[in-house]
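Peer 1: Give me the fold of what follows.
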Amino acid sequence: MFRPFAQASLALSLLMPAAAGAADQPKQLVMISFDGAHDNALWQKSREMAAKNGAHFTYFLSCTFLMNQAAKKVYQAPHQKQGRSNVGFAQSDDEIRERLGNIWHAHLEGHDISSHACGHFDGRQWSEADWSQEYATFHTTLKNAWKGVDLEEPKGWQDLVDHGIQGFRAPYLSATAGADMISAEKKAGFTYDASLVTKGPAMPVEEAGIIRFGLPLIPEGPREKPIIGMDYNLFVRHSKGEEDKADTKEFEDRAYAAFKEAFDKQYAGNRIPLQLGFHFVEMNGGAYWRALDRLVSDVCHRQDVSCVSYSEAIPLIKARGKLQPASTSGL
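Peer 2: So this is what the prediction gives:
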């Protein structure tokens, strides 16, 4: 019931000028994204978090989570055995039906639905043809997703799949060196890529018609050692990748402090967009999702802050005249 109001409010906020005290400053953009986008409970949780705080998120979907047992048998990623995925497949048709509902309603609420390919393989050595094969599988899987579980698809689904999925993030952030992945992205109809890592918050760059974003290194912990602004990297640093619920509050506080410090630096400075990445897994007892909730609850309501999807961020960044060719960016 709140969806149209929340979406309209955010759209209006993007058009309004910043507060009078910061009239000469652009809005601080915050882009929150999720890789995998599979667990239905976390679909609901993230959508509620966004609605509560007037935010739009970006969901990088792994398409194997829309594959049932029949589809699993025929899926084959480049250079992999048939029926193999590093992140598994959907467990039932009912699970897929619920996930499709979440994807569709998230789209209607103004969130980005983007691609994380399918089986979550490291494509660092993939060719243009390899990437094109995986992108084609993603596209076909989404085109037929509702029919595959005997559901009538909503009007507009085909348009979303054909024209509304604008972005891609490579699994493991393993972007192919050179032009192969970018060329395949362009042919697949993507307009942006979010697979880079930058030394700190940085403006995106344009390469061969694709706008490229990078998750930043941010200071974290007592020694403020830089780390990629993503929950999994914090999980590895804090507990060596082993679940530790006993220290979950400490991990939450450390993560929130790192996120907030990175935000505050840009908010008080050059207003470079802040990007943070998460997964649909509540690591270390949900520490990083709670830290995220605290951050968006704190900053997204501010008049001179916009918590937006990547697609929404692009025209705002272009309007600032800050988009540079990759060859001159120094990244």
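
Peer 1: wait, what's in contact with residue 55?
Peer 2: Contact analysis of residue 55 by Cβ atoms under 8 Å, 6 or more residues apart in numbering lists 10, 30, 32, 49, 296, 300, 307, 308. Using the backbone N, CA and C atoms, a C-beta is placed for each residue, glycine as well.

Peer 1: wouldn't the fourth one be in contact with residue 295 here?
Peer 2: No. The pair residue 49 and residue 295 does not pass the contact test of Cβ atoms under 8 Å, sitting 10.3 Å apart.

Peer 1: Comparing these two, which residue is more hemmed in?
Peer 2: The residue with more neighbours, out of residue 49 and residue 295, is residue 295; 23 against 19, by other Cβ atoms under 10 Å.

Peer 1: Could you report the separation of that one from residue 229?
Peer 2: 11 Å (Cβ to Cβ, to the nearest Å).

Peer 1: Residues that sit against both of those two, list them.
Peer 2: Joint contacts of residue 295 and residue 229 (Cβ under 8 Å, 6+ apart) are 259, 276.

Peer 1: What does the nearest residue to residue 141 once chain neighbours are set aside show for phi and psi?
Peer 2: Spatial nearest neighbour of residue 141, excluding adjacent residues (Cβ to Cβ, 6 or more residues apart in numbering): residue 63 at 4.3 Å. With angles defined as degrees, to the nearest 10, residue 63 sits at phi -80, psi -10.

Peer 1: lowest-pLDDT helix or strand in the chain?
Peer 2: helix 3-15 (a mean of 45; mean pLDDT, DSSP states H and E).

Peer 1: circling back to that earlier point, what's the closest of the contacts of residue 55 to residue 156?
Peer 2: Using Cβ to Cβ, residue 10 comes nearest to residue 156 of these, at 20.0 Å.

Peer 1: all strands of the stretch 101-250 of the chain, in order?
Peer 2: 112-115, 167-168, 192-198, 205-207, 210-220, 225-228 (DSSP state E, counting those that start in this stretch).

Peer 1: Which other helices and strands does the second one contact?
Peer 2: So the one you mean is strand 167-168. With contacts taken as 3 or more Cβ pairs under 8 Å, 6 or more residues apart in numbering; DSSP states H and E, strand 167-168 sits against strand 58-61, strand 112-115, strand 192-198.

Peer 1: Same check on the first one?
Peer 2: Here strand 112-115 touches strand 58-61, helix 93-108, strand 167-168, helix 310-319, going by 3+ Cβ pairs under 8 Å, 6+ apart.

Peer 1: Show me how far the third one is from its chain's centre.
Peer 2: Mean C-alpha position of strand 167-168 versus that of the full chain (Cα atoms, centre = their mean, to the nearest Å) differs by 9 Å.

Peer 1: Also the first one?
Peer 2: Average the C-alpha atoms of strand 58-61, do the same for its chain, and the two points are 5 Å apart (Cα atoms, centre = their mean).

Peer 1: hey, C-alpha coordinates of stretch 304-323 in PDB?
Peer 2: Extracted in PDB, the C-alpha atoms of stretch 304-323 (Å, rounded to 0.1, in the frame of the first residue of the first chain):
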ATOM      1  CA  ASP A 304      20.600  16.600   0.500                       C
ATOM      2  CA  VAL A 305      21.100  12.800   0.300                       C
ATOM      3  CA  SER A 306      19.600  10.500  -2.300                       C
ATOM      4  CA  CYS A 307      19.800   6.700  -1.800                       C
ATOM      5  CA  VAL A 308      19.300   5.600  -5.400                       C
ATOM      6  CA  SER A 309      19.800   2.700  -7.700                       C
ATOM      7  CA  TYR A 310      22.700   2.700 -10.200                       C
ATOM      8  CA  SER A 311      20.300   3.500 -13.100                       C
ATOM      9  CA  GLU A 312      19.000   6.500 -11.200                       C
ATOM     10  CA  ALA A 313      22.500   7.700 -10.300                       C
ATOM     11  CA  ILE A 314      23.800   7.800 -13.900                       C
ATOM     12  CA  PRO A 315      21.800  10.900 -15.100                       C
ATOM     13  CA  LEU A 316      22.500  12.700 -11.800                       C
ATOM     14  CA  ILE A 317      26.200  12.100 -12.200                       C
ATOM     15  CA  LYS A 318      26.100  13.100 -15.900                       C
ATOM     16  CA  ALA A 319      24.400  16.300 -14.900                       C
ATOM     17  CA  ARG A 320      27.400  17.100 -12.700                       C
ATOM     18  CA  GLY A 321      29.700  16.800 -15.700                       C
ATOM     19  CA  LYS A 322      31.900  14.300 -13.800                       C
ATOM     20  CA  LEU A 323      31.700  11.300 -16.100                       C
END
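
Peer 1: No more questions from me, cheers.
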